[in-house]
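>>> A predicted structure for the sequence below; I have some questions about it.
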Amino acid sequence: MTRTGCCALLFFFFISPVYGQSPTPSGYEIAKLMFEYSDRIQSLTYTITKQERVEGEILKQVSFTKMQKSPYSVYLRQSFPNDGMEVLYVRGANNDKALINPNGFPWINLKLDPLDGIMRNNQHHTIFQSGFDHVVSILEFLCAKYQDQIDEMVTYTGLVIHEGKNCHAITFINPYFGLVDYIIQPGESIEDVAAQKKLSAHMILEANPKIKDYEDVKSGQVIQIPNDYSPKLNLIIDAQVYIPLKMEVIDDKGLYEQYEYSKVVINPTFDPTEFTEGYEGYGF
C-alpha cells in the first residue's frame, strides 16, 4: 500500500463511527432499565442522605438502612442529626408497630404506629417508602401517564461521575404540573390519596394549610392536590446496575427534596436475627 493510501485509511478509521457502537440512549430508555433492574431487588443495605424542605427550611438527615421486601422489614440507624437513634419495623411484629430507640429523651424504647404523627413529624415520607421502590414507582407512573409525550418530557443529560461511579443523568420536566380540586372519598386519608395517585402526602398537606394532619379529612371534603408528583425530577442512575443514586425534586420554590444513596449493597443475605431488637450491635 502506498503512503497516501495508508494515510487515507488511518484518516477513515479515526473519523468513522466504531462499528457496533451503541447510540446515545434516550432518557426514557434509561428509565425503563431502572424499572426493570429495580424489580429484581429483594433486599438492600445503604446509607441515605436526605434533604427535605419543611415549612421553608431544608432539613438534613443521614441514616444507615437495612431493608428486605418479604417479610417487609426495615432497620435504620441515624447518624445525623440524632446520632444513634434507631428504628426497627417488621410487618406483623410488635402489633405492627415500629420500635424506636430515641437515644435521648424520654430514654426508653417506644412502640409507635409508622403512620403516627410523631413518626411523620418533619418527614416527607414513611418507613414504608424505604429503598428504591417508591422513587422508581413515581417515575414509572408518570411515564405511563404521559406515554405519548414521554420522549419530550424525559431527557438524557449525559454521563456523569457520581461518587466514583459512571452514571446516567436524566431529567423529567412536567409542563402540566399544577394544583387541582379533589373530593375525599369515604374512609380516605391524605396518605391514601397520595398512594393512589403517586403524589407526595406532605405536599398535599402543605397545599391545604387548614388541615392539621394526614387523617384530618372527611368524606366529601374538597381539598387541593398536585396533579403529579412534581414539576421537575433530576435523577442520577448507576450505569452498571441501574439503581437511582440521587434524586432531586424541584418545585416553583426550588429544592423540595433530595435523596442520595451511598454504600449500596444489592440483595444481601440477612441473618434472621438482624430484624430483631436483640441483634448484636443494636441499642434497643
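Here it is on my side, so go on.

>>> What ranges does the stretch 1-150 of the chain have for its strands?
43-54, 57-68, 73-80, 86-90, 98-101, 110-112 (DSSP state E, counting those that start in this stretch).

>>> among the ones you listed, which is the most enclosed?
Across the strands of the stretch 1-150 of the chain, averaging neighbours per residue (mean count of other C-beta atoms under 10 Å) puts strand 86-90 on top, at a mean of 23. Backbone N, C-alpha and C define where each C-beta goes, glycine included.

>>> Dump that strand to PDB, restricted to CA.
Provided in PDB are the C-alpha atoms of strand 86-90 (Å, rounded to 0.1, in the frame of the first residue of the first chain):
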ATOM      1  CA  GLU A  86     -32.700   3.600  65.800                       C
ATOM      2  CA  VAL A  87     -35.900   2.400  64.200                       C
ATOM      3  CA  LEU A  88     -36.900  -1.300  63.700                       C
ATOM      4  CA  TYR A  89     -40.000  -2.300  61.800                       C
ATOM      5  CA  VAL A  90     -41.100  -5.800  60.800                       C
END
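
>>> now it against strand 57-68, angle please.
50 degrees (axes from the mean of the first three to the mean of the last three C-alpha atoms, to 10 degrees).

>>> Endpoints of stretch 24-43, how far apart?
Using C-alpha to C-alpha, to the nearest Å, the end-to-end distance of stretch 24-43 comes out at 31 Å.

>>> tell me which residues in that stretch are buried?
27-34, 37-38, 41, 43 (16 or more other C-beta atoms under 10 Å).

>>> Any chance of the strands of the stretch 1-150 of the chain in JSON lines with mean pLDDT as columns?
Formatted as JSON lines, the strands of the stretch 1-150 of the chain follow (pLDDT from 0 to 100):
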{"stretch": "strand 43-54", "mean pLDDT": "98"}
{"stretch": "strand 57-68", "mean pLDDT": "97"}
{"stretch": "strand 73-80", "mean pLDDT": "97"}
{"stretch": "strand 86-90", "mean pLDDT": "97"}
{"stretch": "strand 98-101", "mean pLDDT": "96"}
{"stretch": "strand 110-112", "mean pLDDT": "94"}
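
>>> Tell me which of those strands lies nearest to residue 167.
strand 43-54 (15.4 Å; C-beta to C-beta).

>>> Check which helices and strands that closest one sits against.
Judged by 3 or more C-beta pairs under 8 Å, 6 or more residues apart in numbering; DSSP states H and E, strand 43-54 is in contact with strand 57-68, strand 254-266.

>>> Can you lay out those as CSV showing distance to residue 171?
Shown next, in CSV, are the helices and strands packed on strand 43-54 (distance: least, C-beta to C-beta, whole Å):
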stretch, distance to residue 171
strand 57-68, 21
strand 254-266, 14
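
>>> Name the residues of stretch 258-277 that are buried.
Here stretch 258-277 shows 258-261, 264, 266, 274-277 as buried, counting by 16+ other C-beta under 10 Å.
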